[in-house]
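S.K.: the sequence isn't on hand, but the structure is:
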């Protein structure tokens, strides 16, 4: 069995590092997307409040949705950009 050349070892280490970075950015993107399920729950709660004609709950849940929406979309955008830059641009 022959020993790998130093260039081959560097290429393998670089490949592993790239794969690890790709996994991390794609995992972060998936986590950012999965947080959107909170909106599904809140929308279900809002629909229940509408069905009960509970105006205070409608106001409260709507305020919560409006407050959290920018936080979730900013997180998604940030993680999408990191993934795009790493996977597509590289």
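M.R.: Yep, it's here. All of these numbers come straight from a predicted model, not from anything done at the bench.
S.K.: quick one, longest helix in this structure?
M.R.: The helix that spans the most residues within the chain, counting by DSSP state H, is helix 55-87.
S.K.: and that one, what's buried?
M.R.: 58, 61, 65, 72, 75, 79, 82-83 (16 or more other CB atoms under 10 Å). Yep, even glycine has a C-beta here, placed from its N, CA and C like the rest.
S.K.: do the same with stretch 11-30
M.R.: For stretch 11-30, by 16+ other CB under 10 Å, it's 25, 28-29.
S.K.: now that stretch: how far from the chain's centre is it?
M.R.: Distance of stretch 11-30 from its chain centroid, counting by CA atoms, centre = their mean, to the nearest Å, is 16 Å.
S.K.: what residues does that stretch touch?
M.R.: Stretch 11-30 has contacts (CB atoms under 8 Å, 6 or more residues apart in numbering) with 4, 79-80, 82-83, 86-87, 90.
S.K.: where does the prediction get shaky in the chain?
M.R.: By pLDDT under 70, the low-scoring segments of the chain are 1-10.
S.K.: and the gap between the residue nearest the centre of it and residue 80?
M.R.: The centroid of the chain falls nearest to residue 32 when counting by CA atoms, centre = their mean (1.9 Å). Counting by CB to CB, to the nearest Å, the gap from residue 32 to residue 80 is 8 Å.
S.K.: doesn't residue 76 make contact with the residue nearest to the centre of the chain?
M.R.: Yes: Residue 32 is within contact range of residue 76, at 4.7 Å (criterion: CB atoms under 8 Å).
S.K.: residues touching residue 61, list them.
M.R.: Residue 61 neighbours (CB under 8 Å, 6+ apart): 42, 45-46, 49.
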